[in-house]
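Novice: predicted coordinates and the sequence they were generated for:
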Amino acid sequence: MHYSAPRWLPGGNLQTIYPATFIAKPSVRFRRERWDTPDADFIDVDFVDGKPGQPLAVLFHGLEGSSDSHYSRAFMAAVAARGWSGVVPHFRGCSGEINLAPRFYHSGDSGELDWILRRLATHRSAIGAEKFYAAGVSLGANALLRWLGESQHQAEFIDAACAISAPLDLAGGGAALARGFNRIYSHVFLRTMRTKSLLKLDQFPDLFSRDALMQARDLYTFDNIVTAPLHGYRNTEDYWDRASAKHILHDITVPTLVLNAQNDPFLPAQYLPKSAAACVKLEYPEEGGHVGFATGAPPGNLGWLPQRMLHFFEGK
């Protein structure tokens, strides 16, 4: 399936911002469960209940995303239309309520994905799903690729995977988001991340410096203060290097689609890996933005991306 951007939507920034902001999201009926985590915390998991025996598809959202993100709703609406079952697990603190543990989530959160996916494997058995597919978007895509590469053959209870707009090289992406117009994305992320971090300091007053947090103006600084130390990394450089999915693409053994637009402002084309394992399809269309891929006449629609993902799954 070839992607061509509409002529009325030129450039990577418009192709990123417009779909996320101005295209109507389809309605999806979710059923929420709260799961206790192995470390005495919780996550909220939103389900779409399909027909017995039909495939189960899980979607891991991006940085500060949720089941209400435009890509989540678009994908889950397409899943529901097929009669499949779907699920969107929320990363810690992303479901509308601050989590309890002295941690959040991060791009290399493969351990978190492992227990979620293994619990969902039990759900798959309970509903008799013939296939089990996993997808990730942006941060969730990078974390999914990390899990696939680290788990190797132990990940093969998943039938196929899709990674959409993954920040495969976190340092390259971080540098891109610190320049020019792209700083607007960092500002949007930091607005909610700072609010959550202040709530976390109410729970754990000595977890990190409140003053340093309030002075953070880019993702590099925020990750140095909050993300890296809370999740076992020495600093931002250590986190961005060790958590980048580019290192493990040759270790993946599950059929996987890696879809990144070359004009994605979050990860310029120069940072896209040139090779991967034989079972990994690297698909780099010239346009599409970051998790955009809008099509059609104005006001446009979000249908191409979920159809591309489902087309890949159905071929495996």
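Specialist: Received the coordinates, thanks.

Novice: mind telling me what element the residue nearest the centre of the chain is part of?
Specialist: Nearest to the geometric centre of the chain sits residue 140, at 2.4 Å (C-alpha atoms, centre = their mean). Counting by DSSP states H and E, the element that carries residue 140 is helix 139-151.

Novice: same question, residue 134
Specialist: Under the assignment here (DSSP H and E), residue 134 is part of strand 132-137.

Novice: likewise for residue 198?
Specialist: Secondary structure assignment for residue 198, by DSSP H and E: helix 183-203.

Novice: need the next SSE after that helix, C-terminal direction.
Specialist: With elements assigned by DSSP H and E, the helix or strand that comes after helix 183-203 is helix 210-215.

Novice: just give the number of residues close to residue 179.
Specialist: For residue 179, the count of nearby residues is 12 (other C-beta atoms under 10 Å). C-betas here are computed from N, CA, C, even on glycine.

Novice: how close does it get to residue 172?
Specialist: 11 Å (C-beta to C-beta, to the nearest Å).

Novice: residue 148 now?
Specialist: Distance, residue 148 to residue 172, by C-beta to C-beta: 21 Å.

Novice: tell me how far the ends of stretch 94-103 are from each other?
Specialist: Using C-alpha to C-alpha, to the nearest Å, the end-to-end distance of stretch 94-103 comes out at 12 Å.

Novice: so for it, what gets flagged as buried?
Specialist: Going by neighbour count (16 or more other C-beta atoms under 10 Å), the buried part of stretch 94-103 is 94-95, 98-99, 101, 103.

Novice: and of the residues you listed, the nearest to residue 254?
Specialist: residue 94 (25.1 Å; C-beta to C-beta).

Novice: out of the buried residues of stretch 94-103, who's nearest residue 297?
Specialist: Distance to residue 297 across the buried residues of stretch 94-103 (C-beta to C-beta) is lowest for residue 94, with 33.4 Å.

Novice: the closest one: what's it in contact with?
Specialist: 61, 64-66, 105 (C-beta atoms under 8 Å, 6 or more residues apart in numbering).

Novice: pretty sure it sits in a helix.
Specialist: No - counting by DSSP: H, G, I helix; E, B strand; the rest coil, residue 94 falls outside a helix, being coil.

Novice: any idea how far it lies from residue 176?
Specialist: Taking C-beta to C-beta, one finds residue 94 at 23 Å from residue 176.

Novice: can you list the strands that the strand holding residue 134 pairs with?
Specialist: Take DSSP bridges as the rule and strand 132-137 pairs in its sheet with strand 56-60 (parallel), strand 160-164 (parallel).

Novice: gap between it and the chain center?
Specialist: Here strand 132-137 is found 9 Å from its chain centre; the criterion is C-alpha atoms, centre = their mean, to the nearest Å.

Novice: other residues contacting it?
Specialist: The contact list for strand 132-137, computed with C-beta under 8 Å, 6+ apart, reads 55-62, 65, 69, 71-72, 75, 117, 120-121, 124, 141-145, 157-166, 291, 309, 313.

Novice: and for stretch 300-316?
Specialist: If you take C-beta under 8 Å, 6+ apart as the criterion, stretch 300-316 is touched by 1, 3, 6, 9, 18-19, 22-23, 25-26, 55, 57, 70-71, 74-75, 77-79, 82, 131, 133, 135, 159-160, 162, 164, 255, 257, 259, 281, 291, 293-296.

Novice: now these: which count as buried?
Specialist: Buried members of those, counted by 16+ other C-beta under 10 Å: 3, 9, 18-19, 23, 25-26, 55, 57, 70-71, 74-75, 77-79, 131, 133, 135, 159-160, 162, 164, 255, 257, 259, 291, 293-295.

Novice: which ones among these are found in strands?
Specialist: Counting by DSSP state E, the buried ones among the contacts of stretch 300-316 place 57, 133, 135, 160, 162, 164, 257, 259 in strands.

Novice: could you give the bridge partners of the fifth one?
Specialist: What that stands for is residue 162. Judged by DSSP bridges, the bridge partners of residue 162 are residue 135, residue 257.

Novice: all helices of the protein, in order?
Specialist: Counting by DSSP state H, one finds helices in the chain at the ranges 12-21, 70-81, 110-127, 139-151, 170-177, 183-203, 210-215, 219-222, 228-230, 236-242, 304-314.
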